[in-house]
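Novice: I need the structure of the sequence given here:
(chains A, B, C and D)
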Protein chains: 2
Amino acid sequence: MKELQKETEIQILDAARKVFIRKGLDGARMQEIADEAKINKALLHYYFRSKDKLFEMIFQEEIGKFFPKMVGLIASPDLSFEEKIKAFVSNYISIFINNPFLPTFLIRELHRDPENLKQFLVNSGFDINTVNFAIIGLSKQLNMTPEEARNFMINMISLCIFPFAGRPLIEKILFADDKEEYNKFLENRKINVAEFLISSLNNK
Amino acid sequence: MKELQKETEIQILDAARKVFIRKGLDGARMQEIADEAKINKALLHYYFRSKDKLFEMIFQEEIGKFFPKMVGLIASPDLSFEEKIKAFVSNYISIFINNPFLPTFLIRELHRDPENLKQFLVNSGFDINTVNFAIIGLSKQLNMTPEEARNFMINMISLCIFPFAGRPLIEKILFADDKEEYNKFLENRKINVAEFLISSLNNK
DNA sequence: GTCTATACGGTGATAGAC
DNA sequence: GTCTATCACCGTATAGAC
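Specialist: Predicted coordinates:
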């Protein structure tokens, strides 16, 4: 049945996503993915020839979540720099709240094989010039050199991502292992980080 | 010979450190560690019963690099907040420049097994109250609530660490794969991040 | 398409000679 | 202490029945 086939494929991908994101390529086991998908191990290979192929599928999909139209947002000529910062921060943190293991997954796997990123950039028709134009536009708005604007971008991204990647550490040391408190902290960051960034600018 | 024995042990630890930090527990192979140490695989087990034991050795050692006397620095009553921030940022970034894969290693392995951190904290006689006092002290200096001071700490740490953890991504997208340029950027951050943080405060 | 059974290679770990 | 040889197991992948 065409319908059931499609469903199985999705079931496998969902399971693979779950396992790969938490364990990474090296730590994941095909058996665990099969169990999670409630199917047999052999079926994994029937649908996706190999573990690597299956992983590649998930990786490309997940890194796609990380590159939304954020560059376009930064480049947008209709927004004030405050609006850009607020939208960027809020959108990014929302993505990570909905995909809390995405940052660690990407850090781990990009470190293991940086070529994965290159392939994604080619696949998605990524253009480095778009980024450069966005940076230059931002630098004019912020009254900075392009290099300073780039640094500002990196600071903004750091502040959005690190609390997710470093959660096990921060939660235990600075939040006494209180998960709920940490979730509130992350939620509040949608606003707090934007304010923090803007206040750093107003003093220039 | 006692001398040679000691040397072998160190050679093994050096090799294990190198391999584990780059590949993680799951990705590392005992054979690769043996090759790197220029000894036989069996010798690894002779010195350190198992892969897990050897890894634990390295992990505890590496996470120790991450918790220097920074808490003491923040708590120190003799320094102005500007001095604290400058010293903290500069010291931390220096550590990471000398151990560029440490952040990714810790993120990866703490995510895999958060219990490792608990064990380290016990081993090192870590006291959560020391941290809390440091935060409260900082909050008074900065004219903030303790919660705001904690957030500020997290921002400071984020800005120090993320450019190392996210290097593969940032270097390719924002630095056109220019390693040397990226190294300069990291070096400059010792000063830039401190200034950035201080300017965000002066506007309060 | 989905299953069971199995092949095959690799990996951590041990035995035993020197 | 250090080596070679080998074991036992596990994980990916395939063969083949249904």
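
Novice: quick one: the helix-or-strand element of chain A with minimal mean pLDDT near chain B?
Specialist: The helix or strand of chain A with the lowest confidence, counting by mean pLDDT, DSSP states H and E, is helix A:70-75 at a mean of 87. No. Contact of helix A:70-75 with chain B (CB under 8 Å from any CB of the partner chain) is absent, the minimum separation being 9.3 Å. Yep, even glycine has a C-beta here, placed from its N, CA and C like the rest.

Novice: And chain B, is the longest helix seen in chain A touching that?
Specialist: Assignment by DSSP state H gives helix A:2-27 as the longest helix of chain A. Yes. For helix A:2-27, a contact with chain B is found by CB under 8 Å from any CB, at A:Lys23, A:Gly24, A:Asp26, A:Gly27.

Novice: quick one: which helix or strand includes A:Glu62?
Specialist: Using DSSP states H and E, A:Glu62 maps to helix A:51-66.

Novice: tell me the two of the residues of helix A:2-27 next to chain B that are most distant?
Specialist: A:Lys23 and A:Asp26 (7.8 Å; CB to CB).

Novice: what's the overlap in contacts for these two?
Specialist: B:Asp26 (CB atoms under 8 Å, 6 or more residues apart in numbering or on different chains).

Novice: Grab the nearest non-local neighbour of the residue nearest the centre of chain A.
Specialist: Closest residue to the average C-alpha location of chain A: A:Phe66 at 3.6 Å, with CA atoms, centre = their mean. Of all residues not flanking A:Phe66 in the chain, A:Leu106 sits nearest, at 6.2 Å (CB to CB, 6 or more residues apart in numbering or on different chains).

Novice: In contact with the one you found, which residues are there?
Specialist: A:Glu62, A:Ile63, A:Phe66, B:Leu169.

Novice: what's the angle from the helix or strand following the longest helix of chain A to helix A:51-66?
Specialist: Per DSSP H and E, the first helix or strand lying C-terminal to helix A:2-27 is helix A:30-37. Direction vectors for helix A:30-37 and helix A:51-66, defined by axes from the mean of the first three to the mean of the last three CA atoms, to 10 degrees, enclose an angle of 60 degrees.

Novice: Quick check: what element follows helix A:30-37 along the chain?
Specialist: helix A:41-47.

Novice: Please state the offset of stretch A:11-23 from the chain centre?
Specialist: In terms of CA atoms, centre = their mean, to the nearest Å, the centre of stretch A:11-23 is set 16 Å apart from its chain centre.

Novice: For that stretch, which residues meet the burial criterion?
Specialist: Under the neighbour-count criterion of 16 or more other CB atoms under 10 Å in any protein chain shown, stretch A:11-23 has A:Gln11, A:Ile12, A:Leu13, A:Ala15, A:Ala16, A:Arg17, A:Lys18, A:Val19, A:Phe20, A:Ile21, A:Lys23 buried.

Novice: And stretch A:32-47, by the same measure?
Specialist: In stretch A:32-47, counting by 16+ other CB under 10 Å, buried: A:Glu32, A:Ile33, A:Ala34, A:Glu36, A:Ala37, A:Ile39, A:Leu44, A:Tyr47.

Novice: What about DNA strand D: which of those residues touch it?
Specialist: When contact is defined as CB under 7 Å from any atom of the strand, the buried residues of stretch A:32-47 do not meet DNA strand D at all.

Novice: could those residues go into a markdown table alongside pLDDT and distance to B:Ala75?
Specialist: Below are the buried residues of stretch A:32-47 laid out as a markdown table (pLDDT from 0 to 100; distance: CB to CB, whole Å):
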| residue | pLDDT | distance to B:Ala75 |
| --- | --- | --- |
| A:Glu32 | 98 | 45 |
| A:Ile33 | 98 | 47 |
| A:Ala34 | 98 | 52 |
| A:Glu36 | 98 | 46 |
| A:Ala37 | 98 | 51 |
| A:Ile39 | 97 | 55 |
| A:Leu44 | 98 | 53 |
| A:Tyr47 | 98 | 56 |
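
Novice: Tell me the confidence at the residue lying closest to A:Gln60 once chain neighbours are set aside?
Specialist: Counting by CB to CB, 6+ apart, A:Phe120 is the residue found nearest to A:Gln60 once chain neighbours are left out, at 5.7 Å. With respect to pLDDT, A:Phe120 has a value of 95.

Novice: A:Phe120: neighbouring residues, count only.
Specialist: Using other CB atoms under 10 Å in any protein chain shown, A:Phe120 has 19 other residues around it.

Novice: Which helix or strand contains it?
Specialist: Per DSSP H and E, A:Phe120 falls inside helix A:115-123.

Novice: what sits up against that helix?
Specialist: Here helix A:115-123 has contacts from A:Glu56, A:Phe59, A:Gln60, A:Ile63, A:Gly64, A:Phe67, A:Glu109, A:Leu110, A:Phe126, B:Pro168, B:Leu169, B:Lys172, using CB under 8 Å, 6+ apart.

Novice: Next secondary structure element downstream of it?
Specialist: Following helix A:115-123 in sequence, per DSSP H and E, is helix A:128-142.

Novice: is that next one anywhere near chain B?
Specialist: Yes. Helix A:128-142 is in contact with chain B by CB under 8 Å from any CB, via A:Ile128, A:Val131, A:Ile135.

Novice: who wins for neighbours among those residues?
Specialist: A:Ile135 (21 neighbours).

Novice: Let me know the pLDDT of it.
Specialist: Reported pLDDT for A:Ile135: 95.

Novice: so it makes contact with A:Met153?
Specialist: Yes. Counting by CB atoms under 8 Å, A:Met153 is a contact partner of A:Ile135 at 6.7 Å.

Novice: okay, and the common contacts of the two?
Specialist: By CB under 8 Å, 6+ apart, the residues touching both A:Ile135 and A:Met153 are A:Ile74, B:Leu174.

Novice: Now do the domain split for chain A, please.
Specialist: Taking automatic domain parsing as the reference, chain A has its domains at A:2-58, A:67-202.

Novice: Could you report the distance from A:Glu187 to A:Lys65?
Specialist: Counting by CB to CB, to the nearest Å, the separation of A:Glu187 from A:Lys65 is 19 Å.

Novice: where does chain A dip in pLDDT?
Specialist: A:1-5, A:203-204 (pLDDT under 70).

Novice: Alongside DNA strand D, which residues does it contribute?
Specialist: So chain A meets DNA strand D at A:Ala28, A:Arg29, A:Met30, A:Gln31, A:Lys41, A:Ala42, A:His45, A:Arg49, A:Ser50, A:Lys51, A:Asp52 (CB under 7 Å from any atom of the strand).
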